[in-house]
Each structure stands twice: as C-alpha cells, then as structure tokens.
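*Asks:* Fold the following and give me the result.
(chains A and B)
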Amino acid sequence: MDEIPRDVAVAVRQAAETTIGYPGALDDVYRRAADRRRRQRYVGAVAGFVAVLMVVGAGFALRTRERASLPVVEPSPAPSITHDRPQRLLLHHAAGSYRSGGRAAVTIDRRERVGELLGDGRLQTYAVAGTEGWDEFTVLDDGRVVALGPRDLPPGVEITDGPYPKGVAVDLVVVGPDGKVERSRNVRQKDRPVVLATATETTAYLWRNDAYYSHDLATGRESLLVRIPGATTAGDGIATAVAYDLASNMCHPQVRHVTSDGSIRESRPVNLPGCAMVFGLRLNRDGDRLAASYLGQDGWRVALLDVEAGRVLIDRQVAATPGHGQGTAVELAWQDDQSVRGAVLIDSGTRELLMPFTVP
Amino acid sequence: MVVPTTSAGDASARRDADGFEAFYRANVDRVYRALAVTLRRDDLAHEAVDEAMARAYARWPVVGELESPAGWVFRVGFNWATSWRRKLRRERPPVEDDAHPHHGPPDGAIVARDALAMLPAPQRAVLTCRILLDLSTAETAAALGLTEGTVKSRLSRGLATLRSALSTEE
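*Replies:* The predicted structure is shown next:
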C-alpha cells in the first residue's frame, strides 16, 4: 500500500495543525552550531593527545594484542545461584544531582557516572567506560559491570544498517571493578534495537524488538530464549524468566518461564487496578515474584505480584501524581521474596529528588 | 542560554552567503510539526529541530545538495530525540491534553491525534514523512535510513491502524 488515502492525509495534517507553530528562532540554531564547533575542537585536541599516547604505547599494545589473541578460555559453568541475596538497587533512570540521607550531592548523568542506592542509604557510583554513556547496566556480585551504550565511530566510518544514526556502534561492555574495560563488542544489528535486560558472570540477556536472547559474553553467540510479539520494553528478565506487558493488553503484566529443556511456560496476566501505564517490572531471583511500578489514579504505585497465582500481594502508592513537565521514574530491587526496596526519582525541571521506599 | 560568539553583522553576512537561512525559513515549521506529531512532545520536538538544524547548518554544503534536506533534518532530529540522552524525558508520562498549548483544535484533529498516538513511533515517523513532509517512498526511505520495503510495510500497517481508529470514531 503506497498510496495515502485522502481522509487519512487530511486527518494527519489536522493533527499537525493542533500544535502551535515552531517557537524557536534562527539565532538559537546558529548559537547551537557554534557550540558544537567549540566542543568538536576540544574533542579534536584530546584525540590528538590520545593519538600521541597511542604511538608511545604501541609496544605495550602489541604485547596486549598477543595476550588477546590467545584462544578464548571457555566460560566456566555458571556459578550456583543463591537466591537469598538482595538485588542491587540500580538507578537506571537517574540523570542529575541527588542527595541521599543528608549526604553530599552526587552527580549521576549516565554519560560519566551511573549509580546505585546502597542498603545503608549511600549512593555508590560507577564510572562509565567503553562507550559514550550507558543506556542500561547491571552490577555483578563480583563488582564487575555489564553495560550497553552507544559509541560514535570516527568520521567516515558509517554503519548504514538501520533506523538509528549512522556512525554509531552499540557496544556491550564488561568493566572490571578497577574501571578497566575487560570486554567490548558491537552488538548492533539491522532493524533490531537492543536493550540489556540483565547479566550474569558469563551471559548477558538482551531484548531485541519482541524477542529475548542470551548473549555469551565470551564468544558473542546469541540464542533465542523466547519471542513475545507485542511485548513492551518495560519488561525485565533473568536467566529463567521474562516479564513483560503486552501493548495490546497494557497494565496486565505477565511472565514467561524458560525451562532448562527450552520449553516455555506462561503465567496468567495480572490486572493492576486503576493502572494507566506500567513503568517498570522487576523479577525476583527465582522468577516467581514480580514487582511492578505503574501510574495509577492517585499517583505512582508499586505492586508485588505472585506470578504463579496471578494475583496482587501488596499494592501501595510511592509518589504523588507528577506535575506538568515533571519526570518521574521508579527503580525497584527485591530484598527477599517478600519485600522490595525502591527509589522514586523526580526531575522537576529545576532540581532532582531521590526518595527511597520499601514495600511493604 | 549560550552567549553568542559572533556579532550581528557577521551573522547577517554569513546567513546571506550560504542559503541556509532560506531553507530554514521555508522548512523549519513543517519539520517541527512533523516531529511534534511523531514524538508527541512539543518541547522535545522544538529541541530536536533546533539540534538538527544546527547540524544541517554545520554541514550545509553537503546537506544542501541532498535530494531532501528537510527529510535529513527530520531524521537527525528524530534520531536525536529518541537517543539515550532523551530517554528520561521520553519516559515522563504524556502531558494531559488540557495542558498542551494548542489552539482549540477541531474534534477531528483530536481524534486524528489520538489515533496517531496509538501507532509505534517508527510508523508515525514514516507517516509524517510521507504526509507532512511530502516525501516519496524512496525519499522517506533515504531520510529515515530504511529500505523502501520497510517504509512500505510500516506505512501499510500505520494506515490500516489509522483508518480503523478513525472509522471507529466516526
């Protein structure tokens, strides 16, 4: 179908006319362009300095390459999982300056640092490395970070494989506790936007459109675990289960269990009363409990769900309805099978707030 | 606010010389409206079109020679707005329509806007390129960095959803 029906074209034009016209000015564009030029000059200078360092360090690099070309050691079997450890409360949506527990403000911008809210109320940050910023990240028990983010390619190097900007790679990186990049791999694929759901010491779990994959960190080999047509990207995943909300049936989160023999078992959808939008889902380590943050009639709420029984165990408000132009995000982490620790992040436009909570 | 670094005279001479200003004045409003419809956020569309226009200006000798510079600006603005840097803002719940600084739109426009809101952003992007920017299938494909087949597929699905939604409202 290549022709546009006239009634549809008229309707779309009418929709566009409901917006007040462009409110900007040409001078703003010129200023923005001048700003970009200044930044690029700075980056160029830094790149030149780095180039000198690279020449000086060539010998070292060669030695390193020899090490890197050694046969890849097969990943050790996944460590036995103990399910009594609390999950880390990672602040995926933080962007700004936050205070917690009366301590000094900590800046988390996802370009240079990401953050975690520790159990004692302190904010722990991790330096971004290997990419220009981390879209998603997870912190392993050994302190390493597995993260996904964009990396600009040098001018002239373009990737033309999809709807995203040319000249950008999407790297999956493993960063050691010392901040050094241990592994880096471009995982961008044509027409398949990628989202990092979670990771273990050996495996990253990725959403690509409506499918959920395991990605071997050592080899890059990907295996399809489950495909869920219509799943929204609010979903969470662990090695043995994925949580999702269907665009056609929003506010009814479900879980699919991926069993060791590759078969799939689907839980019944759970109704969230008064729900307007599910913001985030977090599975517990066993995959039998699901925490959902959602926008209800009276504000942001968090519900703890029994996946097998398909029912809400606890449901409570954690923040008021956001005001006009105010951004709110809710982060969740299971502490045990009964309780969830969380944080409400509010961007009022002028300042950022972090409000910890526990459910129940 | 960034302090300007050039005098008014310099800027004026520059504008006259490069032809970018004529392009800007002829296209900025329709690209902005196309982005506003696609992104469903007027403020984000404003920022996106400014960023994309700034990039177009920086590369004008090349961008100006493209088959559809407006399509290029739309794509850059769309990509910029949907990149990770804008994620937090995108995840804000949609602002209530009453709070939108819209003219009192006719009922049909509201219905159309709601129907468009039902579409995934990539389908909206294709529809707005075709309808609001008057790009052909090939030009849309080039502007969005897609194959023509993908453009046709998204157009087909978007049109089907829109027609269904519009006929239901009638």
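
*Asks:* Which helix runs longest in chain B?
*Replies:* helix B:148-169 (DSSP state H).

*Asks:* moving C-terminal of the lowest-mean-pLDDT helix or strand in chain A, what's the next helix or strand?
*Replies:* When the helices and strands of chain A are scored by mean pLDDT, DSSP states H and E, helix A:58-68 comes last with a mean of 33. Using DSSP states H and E, the helix or strand that follows helix A:58-68 in sequence is strand A:89-90.

*Asks:* And the residue nearest the centre of the chain?
*Replies:* In the absence of a named chain, this looks at chain A. The centroid of chain A falls nearest to A:Glu136 when counting by Cα atoms, centre = their mean (2.9 Å).

*Asks:* could you do chain B instead?
*Replies:* Most central in chain B (Cα atoms, centre = their mean) works out to B:Leu35, at 2.5 Å.

*Asks:* and that one, what does it touch?
*Replies:* Going by Cβ atoms under 8 Å, 6 or more residues apart in numbering or on different chains, B:Leu35 touches B:Leu44, B:Ala45, B:Ala48, B:Val49, B:Phe74, B:Gly77, B:Phe78, B:Ala81, B:Thr128. C-beta coordinates here come from the backbone N, C-alpha and C atoms, glycine included.

*Asks:* State whether A:Gly119 is indeed within a helix.
*Replies:* No - under DSSP: H, G, I helix; E, B strand; the rest coil, A:Gly119 sits outside any helix and is assigned coil.

*Asks:* That one contacts A:Ser339, correct?
*Replies:* No - counting by Cβ atoms under 8 Å, A:Ser339 is not a contact partner of A:Gly119; they are 11.9 Å apart.

*Asks:* Which one of these two is surrounded by more residues?
*Replies:* Remark: of A:Gly119 and A:Ser339, A:Ser339 carries more neighbours, 15 against 12, as counted by other Cβ atoms under 10 Å in any protein chain shown.

*Asks:* which phi and psi does the closest residue to A:Leu140 other than its chain neighbours have?
*Replies:* Sequence neighbours aside, A:Glu201 is the residue nearest to A:Leu140 in space, at 5.9 Å (criterion: Cβ to Cβ, 6 or more residues apart in numbering or on different chains). A:Glu201 adopts backbone torsions of phi -60, psi -30, taken as degrees, to the nearest 10.

*Asks:* ok, which stretches of chain B are helices?
*Replies:* Counting by DSSP H, the helices of chain B are B:8-18, B:20-39, B:42-58, B:60-63, B:69-82, B:87-90, B:107-117, B:121-131, B:137-144, B:148-169.

*Asks:* sorry, back to before: can you add distance to A:Gly220, pLDDT and neighbour count and give the contacts of B:Leu35 back as TSV?
*Replies:* Below are the contacts of B:Leu35 laid out as TSV (distance: Cβ to Cβ, whole Å; pLDDT from 0 to 100; neighbours: other Cβ atoms under 10 Å in any protein chain shown):
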residue	distance to A:Gly220	pLDDT	neighbour count
B:Leu44	35	78	20
B:Ala45	38	86	25
B:Ala48	34	86	28
B:Val49	38	91	30
B:Phe74	34	89	30
B:Gly77	33	84	28
B:Phe78	30	81	30
B:Ala81	30	74	23
B:Thr128	37	90	28
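
*Asks:* Out of those, which is nearest to A:Leu148?
*Replies:* Of all the contacts of B:Leu35, B:Ala81 has the smallest distance to A:Leu148: 19.6 Å, by Cβ to Cβ.
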